[in-house]
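Colleague: structure here, sequence nowhere to be found:
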């Protein structure tokens, strides 16, 4: 069955960096686009970043553009989110999600989430 | 950026009720709209994609429709497991914004 497992979250000081990973299994990873979505404590969902199946096209939320970088390693079936210049408002649970198709239709499988806390 | 406005933000209803949640886009998004259900402490679950197509395994009491820039999620007969928060998301253009959510509570 499809599984997405995030790792790499934790506590970091403002201005610091973290790299989230999402390990995928149970589907042909290199056929699907992927997303990162976050949810601050008690708040709604916020889309963060997107990458096409072959990594050729990437997009970012305005709030993270220039600080976060999405990437993927199809040979290792892994998705990444490099987060630099972290701010307290980046504190959230970060989910990776598989898009249900090669063209954009939404996330049909999600990981369990990885908590990132930015605090001094 | 495209804004999505969900209404209502809170909805109180009873088991067996028919409920409708609306998501209005600030500009044309074709049919690139998805609906999700989220329960506390859990990841979102895809219900509807392409505005009106039911995701596999989702009960048929859920349906979606669209009219220009207004999108609707309807639950035809509420079940106890349907009390949750619902979000719409547009995937027409970056950034792929979510609506602010609709919390559906038991009356």
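Modeller: That came through, no problem. What you see is a predicted model; the values in this text were computed from it and never measured.

Colleague: and residue B:10, how far from chain A?
Modeller: 13 Å (C-beta to the nearest C-beta, to the nearest Å). In this view, the C-beta of every residue, glycine as well, is placed from N, C-alpha and C.

Colleague: swap that for residue B:107, sorry
Modeller: According to C-beta to the nearest C-beta, residue B:107 and chain A sit 23 Å apart.

Colleague: what is the neighbour count of that residue?
Modeller: When neighbours are defined as other C-beta atoms under 10 Å in any protein chain shown, residue B:107 has 10 of them.

Colleague: most proximal residue of chain B with respect to chain A?
Modeller: Across chain B, no residue is closer to chain A than residue B:34, which sits at 3.2 Å (C-beta to the nearest C-beta).

Colleague: now the element after the helix or strand in which that residue is found, going C-ward?
Modeller: If you go by DSSP states H and E, residue B:34 is part of strand B:33-38. Next in sequence after strand B:33-38, counting helices and strands by DSSP H and E, comes strand B:45-49.

Colleague: so which elements touch that following strand?
Modeller: Counting contacts by 3 or more C-beta pairs under 8 Å, 6 or more residues apart in numbering or on different chains; DSSP states H and E, strand B:45-49 packs against strand A:107-110, strand B:33-38, strand B:62-67.

Colleague: other SSEs contacting the second one?
Modeller: Contacts defined by 3+ C-beta pairs under 8 Å, 6+ apart place strand B:33-38 against strand B:19-25, strand B:45-49, strand B:62-67, strand B:70-75, strand B:85-90.

Colleague: nearest to residue B:38, of those?
Modeller: Among the helices and strands packed on strand B:33-38, the nearest to residue B:38 by C-beta to C-beta is strand B:85-90 (5.0 Å).

Colleague: can you give the distance of the helix or strand following the closest one from its chain's centre?
Modeller: Counting by DSSP H and E, the element after strand B:85-90 in chain order, helix or strand, is strand B:102-106. Here strand B:102-106 is found 12 Å from its chain centre; the criterion is C-alpha atoms, centre = their mean, to the nearest Å.

Colleague: nearest residue to residue B:66 in space, please, no chain neighbours.
Modeller: Once flanking residues are discounted, residue B:66 sits nearest to residue B:51: 4.2 Å by C-beta to C-beta, 6 or more residues apart in numbering or on different chains.
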